[in-house]
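1. Here you go, sequence then predicted model.
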Amino acid sequence: MLYFDHCASTPPFDEVIQTVSEVMKLQYSNPSSIHQAGVAAEKLVTRAREVMASALQVQPNEILFTSGATESNNLAIQGAAMQKKSRGNHIITTGIEHASVYECCRLLERRGFQVTYLPVDSSGRIRITDLRAAITEQTILVSIMHVNNEVGSIQPIEAIGEVLKEYPRILFHVDGVQGLGKVPVKLHEWGVDLYSISAHKLRGPKGVGVLYCREGVQIQPLFAGGEQERGLRAGTLNVPNNVAMAKAVRMTLERQETAVTKLRELRQHLIQGIDSIPELVLNSSRNLEEGAPHVVHFSYPGMKPEVIIHKLEQHGIVASTQSACSSKDLKPSRVLLAMGCNEARASGGIRISMDAEQSIEDIVKLAEALRIIVKELKPLEKGQHRR
Amino acid sequence: MNYDMLILRFGEITIKGKNRTRFENTALNHVRRLLAAFPEPIVRKEYGRIYVELHGVDPALIVPKLQNVFGINSICLVKRADTDLEQIQAIALGFMTEVMAAQGDRTVTFKVSARRVWKPFPHGSQDMNHLVGSPILRAFPALKVDVNHPEINLHIEIRQDGTYMYHEIVTAVGGFPLGSNGKAMLLLSGGIDSPVAGWSALRRGLEIECVHFHSYPFTSERAQQKVLDLAQVLAGFAGKIKVHMVPFTEIQTKFTQVGHDNLIITLMRRSMLRIATKLAEQHRAMALVTGDSLGQVASQTLGSMNVIGKATDIPMLRPLVMMDKNEIIEISKNIGTYDLSILPFEDCCTLFVPKNPSTNPNLRMVENIEAYIEGLDEMILEAVRNTETVVLQDGLDADTEAEAKGSIPEHEAENTPANSIVKESSKELEDSWF
């Protein structure tokens, strides 16, 4: 099987799998217990936190372990909104956020907050002028993803941070799930206050993530319960996954430079292949500065993407339609609509997401399969189109 | 700003006689160790100072580390020229161009302080002030000479092998080079004061080994870990530190049963000093260091200090004795022990604390009680025997060193709390997880 769905999830490193099983087997104590076995487990979590912090170039006390990116995003956004609601009720985000940010903002809207969803241009990026114009006296939080999970567009986080430095009372949250390991990340330098990541997108285990919460930033917890994670995240710490996440993140970041070079090469080849098939329209940016190296997104306007996905499967190739979290609804992609694509194009999106360990030959096979599939589907195009 | 080298200047050790070379070499080794992670800089020693040639390393990365070298009073950030008038003038002008670029348009007071160390150089110190200063003053109208309190004092040191220019001088920690004044045992509790006392001792050139008393199971594992973490911070200054973990449960619980609750603290402290004194003898240390601060708690009143201090016959060094709590906290924050110290784990000093501890104990009465307690001397010896030693290195994790103390090592293994639970995962295995 050729796996081209690395944005949805990644194969864990062998070392990660081994670490999870060994820690699970040997250090099963609750790290909050006061006995020695608990202390030993707590030490592992402490070390995992230090490894995470050094990988992200932040302080260990700025790392909160969570159950994954959805929780990290909810904790960041709802936690910041609840903490700051006496100061203001306005939140700025974008129209292309992941569901765990977007729906979180929708929820807050129902609870009386005002939310501005910044538009994006055809490359999927927001404009700094729009951000500036959206900021009001009431603004308490700006939440903008680093790399979009559907088309791979890279947001100008550094420039956004620069603008927000003029407004020290506005918190800046970045959903970094698709960005870490693929694009440079400088949290302290860019003035990021809150940053979400998930382990399983970085070849770590599922069910674990991190929220970076800059020292001095106060938020409210989502859960009532124990005092774990500075009282911000009640619940027994997931020792094996915390340790394994630290390992996965460290390994991913150590490989980042070579991985990015390789991915850019793969991406270039794939884009050439798609360009050579006139029925397909590329949605990802061609510009290296604007598009993440591991994602290529294209549409076959007038063709239901599920058909292409299933056809690809017959060729032993796995890819996705939109994001995995929303791929089951048949509506046109919110992200593509926001980028100004028409409904036919927005409904026909295919996402190829790669890993640096894949080869040019894999890409050649994929491009060849696409060529054959498009040829087969071409006669059916109109019927589909009438719908 | 682009610098060529650093000059590290020694403090008071330069006035010492025959020991000076030893002191300087100790500091030199300390500098080399701190810079081990940087391949580029070249470190060499000169009379009364150490040169660090940067070779491209950003001083911002290494100066904060070097500020912690004990015995170094100040660090100058230096630009170098060959000892040749035209080159000195040119480089001084270039240097000032960089300096002035950061100053904006405002008027800046200025002077040149030239010093001709190498006398064959044809121009004297006074002449050099003019020869270097005039072109600079012509180039920057914003500069105004002020020989008494200049904002920028451009030092020019003319030596045979090169001329060194600097105006930025960073204060360093001072004191005596590491371990140059002998060894002492530090009574490390886990509070705010004792780590600061330890750091003060280190700065004064004392090598220290830590002694910690734990009353497991009345005190927790975490309290012991906290002490190791604090010692680890000290190891960051000392390079390597031994921590002796003394099992104190038996003695402490005994004292709760003698019926003189108000004297428990006095009795405990005296036993601690006896144990620490014995450990000092074993490890060839010549003094005890404590974090006592006069009047802070009942055991630190003058009366208590007198009675408690009589329990040992080696010097008691109390670096913090005349300091206010705020000053101690300030230092603990600077050296990075404060956040650890305030973690809320009970240590044996806060355990079984009576409601009204005596602030002025009677020596004869205390001695009588001690004589009355059966087997106290034996319990003290037993505690010394069962002491477990941990060696901490800077930047590395704790390795429990199998240092057999006196007798019966196999008993020691069974009795010490660190071994009382089977360790299922080895350190190597744990390392492989990260």
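-> All right, it came through fine. It should be emphasised that the depicted structure is a prediction, and the values quoted were computed from it without experimental measurement.
2. What parts of the stretch 101-250 of chain B come near chain A?
-> Applying CB under 8 Å from any CB of the partner chain, one finds that the stretch 101-250 of chain B approaches chain A through B:Ser220, B:Glu221, B:Arg222, B:Gln225. Glycine gets a C-beta too; all of them are placed from N, C-alpha and C.
3. burial measure for the residue in the stretch 251-387 of chain A positioned nearest to chain B, as a count.
-> Nearest residue of the stretch 251-387 of chain A to chain B: A:Met251, at 10.3 Å (CB to the nearest CB). The number of residues packed near A:Met251 is 18, by other CB atoms under 10 Å in any protein chain shown.
4. Just want the phi and psi numbers for A:Lys365.
-> Dihedral pair for A:Lys365: phi -60, psi -40, per degrees, to the nearest 10.
5. Please point out which parts of the helix ranked longest in chain A sit buried.
-> The residue-count maximum for a helix in chain A (DSSP state H) belongs to helix A:239-275. Within helix A:239-275, the residues that qualify as buried are A:239-253, A:255-256, A:259-260, A:262-263, A:266-271, A:273-274, counting by 16 or more other CB atoms under 10 Å in any protein chain shown.
6. what element comes up after the least confident helix or strand in chain B by mean pLDDT heading to the C-terminus?
-> Ranking every helix and strand in chain B by mean pLDDT, DSSP states H and E puts helix B:409-415 at the bottom, with a mean of 36. Next helix or strand after helix B:409-415 toward the C-terminus (DSSP states H and E): helix B:427-432.
7. Now the residue most central in space within chain B: which helix or strand?
-> Central residue check for chain B by CA atoms, centre = their mean: the C-alpha nearest the mean position is that of B:Trp199, 3.4 Å away. Following DSSP H and E, the helix or strand that holds B:Trp199 is helix B:193-203.
8. Which positions within that helix qualify as buried?
-> B:Asp193, B:Ser194, B:Pro195, B:Val196, B:Ala197, B:Gly198, B:Trp199, B:Ser200, B:Ala201, B:Leu202, B:Arg203.
9. residues in contact with the last one?
-> Meaning B:Arg203. If you count contacts by CB atoms under 8 Å, 6 or more residues apart in numbering or on different chains, B:Arg203 has them with B:Phe70, B:Val173, B:Gly174, B:Gly175, B:Phe176.
10. so how far is B:Phe237 from it?
-> 8 Å (CB to CB, to the nearest Å).
11. about what we covered before: and which of the residues of the stretch 101-250 of chain B next to chain A is nearest to chain A?
-> Using CB to the nearest CB, these come closest to chain A at B:Glu221, 4.4 Å.
12. pLDDT value on the residue lying closest to the closest one once chain neighbours are set aside, please?
-> Closest residue to B:Glu221 in three dimensions, ignoring its sequence neighbours and counting by CB to CB, 6 or more residues apart in numbering or on different chains: A:Val39, at 4.4 Å. With respect to pLDDT, A:Val39 has a value of 88.
13. that's a helix at A:Val39, yeah?
-> Yes. Assigned with DSSP: H, G, I helix; E, B strand; the rest coil, A:Val39 falls within a helix.
14. That one touches B:Tyr216, doesn't it?
-> No. Assessed by CB atoms under 8 Å, A:Val39 is found out of contact with B:Tyr216, at 11.8 Å.
15. measure A:Thr252 to A:Lys201 for me?
-> 9 Å.
16. now B:Asp394
-> For B:Asp394 relative to A:Lys201 (CB to CB), the value is 36 Å.
17. quick one, which of the two is more surrounded?
-> Looking at B:Asp394 and A:Lys201 with other CB under 10 Å, you find the greater number of neighbours at A:Lys201, namely 27 against 16.
18. Leaving out the residues flanking it, which one is nearest to that one?
-> A:Val177 (5.5 Å).
19. part of a strand, is the one you found?
-> No. Counting by three-state DSSP, A:Val177 falls outside a strand, being coil.
20. Enumerate every residue touching it.
-> Here A:Val177 is in contact with A:Ala69, A:His98, A:Met145, A:Val147, A:Asn149, A:Ser196, A:Ile197, A:Ser198, A:Lys201 (criterion: CB under 8 Å, 6+ apart).
21. So what does it have for phi and psi?
-> phi -50, psi -50.
22. got any ranges where the chain has weak pLDDT?
-> Here I'm looking at chain A. Along chain A, segments meeting pLDDT under 70 span A:323-330, A:382-387.
23. actually it's chain B I care about, not the one you picked
-> B:14-16, B:348-350, B:395-425.
24. interface residues of chain A facing chain B?
-> Counting by CB under 8 Å from any CB, the positions of chain A adjacent to chain B are A:19, A:22-23, A:26-27, A:34-37, A:39-40, A:42-44, A:47-48, A:51, A:243-244, A:246-247, A:250.
25. Put the buried members of the residues you listed into a PyMOL selection.
-> PyMOL command restricting the residues of chain A next to chain B to the buried ones, with burial defined by 16+ other CB under 10 Å:
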select buried, chain A and resi 19+22+23+26+27+36+37+39+40+42+44+47+48+51+243+244+246+247+250
